[in-house]
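[1] Generate coordinates for the sequence data below:
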Amino acid sequence: MLTLSNITYRYQQAWMHFDAHIAPGEIVAVLGPSGAGKSTLLSLIAGLIAPDNGEILIAGKPVTTAPAHQRPLSILFQEHNVFTHLSVFDNMAIGLSPSLKLSHAQKESVRSAADAVGLTPYLDRLPGALSGGQRQRIALGRSIARQQPLLLLDEPFSALDPALKKDMLALVKRTAHARGTTVLMVTHHPDDAKAIASRFLYVDEGQVALSRPVADLNAPPPAMHRYMGMMESP
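    Numbers count the residues shown, from 1 in each chain. Okay, here's the model as predicted:
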């Protein structure tokens with residue numbers, strides 16, 4: 001589903017190098033120290049920055065030089081960009097059409113996404129009338145409504161309290177499995193990876209240093225000991 005082949009990117013005076021393959025429908029967490037290159041990796045995949053070399057394939061098609069808006073993916077950041085003057089329906093619909101002129105099929109896609117994230121009763125309301133948890137679901141619903149095969153998550157739930165974050169991770173996992181969506185999620189928290197992913201990538205010093213089953217986080221390899229707050233790796 002997603003392949004990064006010999007992707008290199010120069011950041012300031014350092015070179016980053018990424019090779020990875022994510023299977024269709026797989027949920028993969030991206031872990032690593034601050035500044036290691038996790039968000040850069042997602043930005044390269046999304047087309048927000050361009051690599052110096054290498055190839056990116058999504059669903060077997062090269063997208064390395066494709067502009068961001070033409071790539072078959074959705075991306076959810078820490079800042080959810082909920083528009084306070086738009087209804088819940090329009091907040092999700094704007095991901096399909098900035099003009100909010102939707103076809104019948106697009107309107108049905110928004111309603112289906114709202115149902116998936118539990119917002120159907122609130123489609124006519126403004127975000128200010130919703131709880132914090134419900135507002136968190138709007139941007140996720142927007143991503144789901146776009147019906148793209150790849151969903152990128154850049155720590156979108158990091159500011160949530162533990163119970164709400166747990167609910168949102170479970171919601172992402174449930175909807176991704178139901179729709180066959182491939183998910184790549186950046187997180188600083190190994191417990192989040194355990195909650196949602198079957199595999200994790202450990203990014204360190206601008207490269208994918210490890211690719212392991214998420215169960216390995218219960219007994220992390222030595223390369224991760226310092227990151228995990230254990231004794232320093234030799």
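
[2] For the residue lying closest to residue 53 once chain neighbours are set aside, give its distance to residue 205.
    Among residues not flanking residue 53 along the chain, residue 8 sits closest, at 4.5 Å (CB to CB, 6 or more residues apart in numbering). C-beta coordinates here come from the backbone N, C-alpha and C atoms, glycine included. Look at residue 8 and residue 205: by CB to CB, to the nearest Å, they are 14 Å apart.

[3] Now do the helix or strand of the chain with the lowest mean pLDDT: which elements does it pack against?
    Here the helix or strand of the chain ranked lowest by mean pLDDT, DSSP states H and E is helix 132-145, holding a mean of 87. Judged by 3 or more CB pairs under 8 Å, 6 or more residues apart in numbering; DSSP states H and E, helix 132-145 is in contact with strand 73-76, helix 88-93, helix 104-116, helix 162-179.

[4] just how off-centre is that helix within its chain?
    13 Å (CA atoms, centre = their mean, to the nearest Å).

[5] Could you pull out the buried residues of that helix?
    Judged by neighbour count using 16 or more other CB atoms under 10 Å, the buried positions of helix 132-145 are 134, 135, 136, 137, 138, 139, 140, 141, 142, 143, 144, 145.

[6] And for stretch 70-79?
    Applying 16+ other CB under 10 Å to stretch 70-79 flags 71, 73, 74, 75, 76, 77 as buried.

[7] what's the helix or strand in which residue 210 is found in contact with?
    Using DSSP states H and E, residue 210 falls within strand 207-213. For strand 207-213, contacts defined as CB atoms under 8 Å, 6 or more residues apart in numbering pick out 16-20, 32, 37, 198-203, 221, 223-224.

[8] got the domain boundaries for the chain?
    1-72+150-234, 82-147 (automatic domain parsing).

[9] Straight-line length of the last one, end to end?
    According to CA to CA, to the nearest Å, domain 82-147 extends 19 Å from its N-terminal end residue to its C-terminal end residue.

[10] Residue nearest the middle of the chain, spatially speaking?
    residue 153 (1.7 Å; CA atoms, centre = their mean).
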